Each structure stands twice: as structure tokens, then as C-alpha cells.
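J.: okay, sequence plus prediction incoming.
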Amino acid sequence: MSLIQICFPINLTLGIEQLLTNDEILKIINNVLTENKITSSFHYSITEETGVLLFTNMKGEINSILKNSSIYEVNVLTEETFMRPVKFSLYIPNIKSNIISSILHIFILSILLIIIVIGSFIYIIKIIKTQKKNSQIKTDFINNMTHELKTPIATIGLACEALNDTNLSSDKIDKNKFLKTISNENERLGKLVENVLQNAVSEKDKPELKLEIFNLENVIEKAIKNIQISFQQKQGFINTDFLAVNKLVEADKLHITNVIYNLLDNSLKYSNENPQVLISTKDIIGGIVIKIKDNGIGIAKENHNRIFEKLYRVPTGDLHNIKGFGLGLSYVKSIIDLHGGTIKVESKIDNGSTFIVSLKSSKIIKS
């Protein structure tokens, strides 16, 4: 009790209910909650010290409201002289779920940002690994090309020096031998340059194709004729089994010839001895299939898809007796893709390989 109340023992205490109305109290509470960015629904009560209820906005099942709400209580007017002290209670239902829902979008956004950061990191690591791998492949390619080009150049140089030797000027047999060596090495250089040019063609997004209708089996026979001597040098042979009725295709004759030649050359290079190749054709719906089957060293299953990658060469351990840049099959696939065809390989180690090429046939049928 204050000093004034002791000195003047007159009941001058006023009740809060005489100063405010329920609507005014609700307005005050709403303003305070809004200022603090709280939008949840609420209930309140104002009671005297004795528990007498003065104000409230609770209706219906009060026990249910109290059970599901977080309660905030404070004693007010405790120091006022002319007003009775009262207790203010604020009930906010499901405040935890409201708080969670209010920060849920921030939480989800944070998770998405974390996923994006992790994904970007993985992507960057993958790019770095790919670039490192490509750099290694290109380095191997340059080293291999340097070796491949230097060998025939050196051989031609030695042969020219020998021909300039006055002691051999009268020996026609030796002259012919060295001239033949120069011719062979020159042809080899031409093939190396052609491989590089083919690779340049396959680099283009859409190289220009000169389409014409021609007999595919005639092109196959021409490619066989061009490479026949190389097979004979290794005591090998090429057989054909042409079963296609519609032999005509609309394609770029030069590129298709190169495709067949590259596949035959691949069979030749990857054979241990006596290379044997069977080329067959047959009709399919809307096209023609060419199969080139050999008795070579075969390709492991895990390399079936990779052999068509640029600069990729099937690992052969410490052996480097097979010449090439890893460009031939990449060129083949790019040309077949440009013609709307498909190419795949069936092979096992030590059981040879079969390359299967599908091309669209011309609508013109020639018997």
C-alpha cells in the first residue's frame, strides 16, 4: 500500500474496466503485434489479483484454447496509486507451427541454394577432370603424330641420300628398291594427312554433303580394291556376301567410301596375322545394313562405346605396335550420324569384331 493510501484511507482505487473498453484493448494488442510483425490470431484476458475476469475475447471451448496456446502473462498497474493491480494474459494458438511456416520458405530457399552450390562444385570438378583428360589425350595425340610423321620423313630422307650416292648410280636394282621405299613412305604420309583432314571434317557441326544416288555395293567393292594389297601383304583376304535387293542409297559417295575403307583398315590394323574379313549386306525396312566382321584381337565390352570418341584408342598396355591417332572410328560415326544412320559394334576379346552400319536406302529400287 502506498504512502498516500496510508495517509488518506479512502477507497479511491479505480478499475481498468472504467478506463478502457474491450474494443480499445483489442486495438492496442493488434497494434503492438503488428509492429512486431506477428500476424497470428490471439486470445487475451485481464484478471484481478483475486482471479476475477475483467476482459477477454475468448469464446466457445476455453479449455481447448488454453491447451493449444502458448501463454504470455504479465502483472500490470502494480505501481499505480489509484488503480487496482491486474494481470494481463495473452494466448497465441499454434505459435510454433506459425513460426515454422513463416520461416519455411527461407529454409527451403537455403536448401535450394546449398544444393545449387554443391551441384556447381560437382559440375566444376567434372569439367576440370574432363579438361585434364582431354589435355592428356591431346598430348598423346601430338606425341603420336610427331612420331608417325617423323618416321616416313626420315626414311624418305635416307632413301634420297642413298640415291645421291655415286656408288649406287649404276645399280638399277638398288635404285628401284629405294624409289619403291620413297613411294611407299609418301603414300603413308598421304594417309596420315588424310586422317587429319577427316578429323577436321568431323569437327564441323554440319559439313556439306554432296548427296547422290549410287549402288552401295559398288562403293564397297571399290574400297576393297583400294585396300586389297595391304591385306595380301599380311596373307589376308576379304570375302563378300551381298544379299541386299535394294542396293541404292542417297548419300555422299566420297564420305561413304572413306567410311568403308576406315572400317576395313581398322580390321587390318587390329589383327594378329592372316586378317580375314567378311562384308555382308541385307535389306531392312527403309534401309540397308552392312556388316563388317573380322577375326581380329577384339574389343573389351567396356570400350564398345568409347571407341567412337575422338582421339580415343583402346588401351594395349605397354605395346604400341598399332599405328593410328584414334580418329578413324570417330570420323566414321560422325559421317554415319550425318546421314541419319547408325553404327554399333559387337566384339569380345580374342573373338574378332563386327561393325554394323545401317543406312537409309533410296526409294528407287534397282534389280
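T.: Nice, I can see it. Residues are numbered from 1 along each chain as shown.
J.: next, the buried residues of the one helix or strand residue 28 maps to.
T.: Assigned by DSSP states H and E, residue 28 belongs to helix 22-35. Buried residues in helix 22-35, counted by 16 or more other Cβ atoms under 10 Å: 25, 29, 33. Using the backbone N, CA and C atoms, a C-beta is placed for each residue, glycine as well.
J.: tell me the phi and psi of residue 134?
T.: Main-chain torsions, residue 134, degrees, to the nearest 10: phi -60, psi -40.
J.: what count of nearby residues applies to it?
T.: Using other Cβ atoms under 10 Å, residue 134 has 12 neighbouring residues.
J.: where's it relative to residue 309, distance?
T.: 10 Å (Cβ to Cβ, to the nearest Å).
J.: and residue 111, by the same measure?
T.: Residue 111 is 37 Å from residue 309, by Cβ to Cβ.
J.: which one's more surrounded, those two?
T.: Set residue 111 next to residue 309 and count neighbours by other Cβ under 10 Å: residue 309 wins out with 14 against 10.
J.: apart from its neighbours in sequence, what residue is nearest that one?
T.: Take residue 309 and drop its neighbours on the chain: the residue closest to it by Cβ to Cβ, 6 or more residues apart in numbering is residue 330, 6.4 Å away.
J.: same question for residue 342.
T.: residue 358 (4.7 Å).
J.: next up, phi/psi of residue 271, please.
T.: Dihedral angles (degrees, to the nearest 10) for residue 271: phi -120, psi 140.
J.: pLDDT of stretch 139-148, averaged?
T.: Average pLDDT, stretch 139-148: 64.
J.: please read the previous query as pertaining to stretch 180-199.
T.: For stretch 180-199, the per-residue pLDDT averages 69.
J.: before we move on, the earlier item: now name the helix or strand holding the residue nearest to residue 309.
T.: Residue-wise, residue 330 maps onto helix 328-338 under DSSP H and E.
J.: just checking, what packs against that helix?
T.: Packing partners of helix 328-338 (3 or more Cβ pairs under 8 Å, 6 or more residues apart in numbering; DSSP states H and E): helix 172-203, helix 253-269, strand 342-347.
J.: now the residue lying closest to residue 310 once chain neighbours are set aside: how far from residue 260?
T.: Nearest non-adjacent residue to residue 310, counting by Cβ to Cβ, 6+ apart: residue 330, 4.2 Å away. Per Cβ to Cβ, residue 330 is found 16 Å from residue 260.
J.: ok, now residue 303?
T.: 22 Å.
J.: my read: the residue nearest to residue 309 touches residue 337, true?
T.: No - look at residue 330 against residue 337 with Cβ atoms under 8 Å: they stay out of range, at 10.8 Å.
J.: follow-up on the earlier one: neighbour count winner among residue 303 and residue 260?
T.: residue 260 (23 against 16).
J.: so what's the residue count around residue 93?
T.: Neighbours of residue 93 using other Cβ under 10 Å come to 17.
J.: beta partners for it?
T.: residue 69 (DSSP bridges).
J.: I'd guessed it sits against residue 41; true?
T.: Yes - using Cβ under 8 Å, residue 93 is in contact with residue 41, at 6.5 Å.
J.: got the angle for the next helix-or-strand element following the helix holding residue 28 vs helix 22-35?
T.: Toward the C-terminus, helix 22-35 is succeeded by strand 43-48 as the next helix or strand (DSSP H and E). Using axes from the mean of the first three to the mean of the last three Cα atoms, to 10 degrees, the direction of strand 43-48 lies 120 degrees away from that of helix 22-35.
J.: now the strands for the stretch 101-250 of the chain?
T.: Under the criterion DSSP state E, counting those that start in this stretch, the stretch 101-250 of the chain contains strands at 211-215, 237-242, 248-252.
J.: does residue 353 touch residue 271 like I think?
T.: No - taking Cβ under 8 Å as the definition, residue 353 is not a contact partner of residue 271, at 9.9 Å.
J.: quickly list what's touching both of these two.
T.: Listed as contacting both residue 353 and residue 271 by Cβ atoms under 8 Å, 6 or more residues apart in numbering are 294, 296.
J.: the two: who's more crowded?
T.: Each of residue 353 and residue 271 has its neighbours counted (other Cβ under 10 Å); residue 353 has more, 23 against 20.
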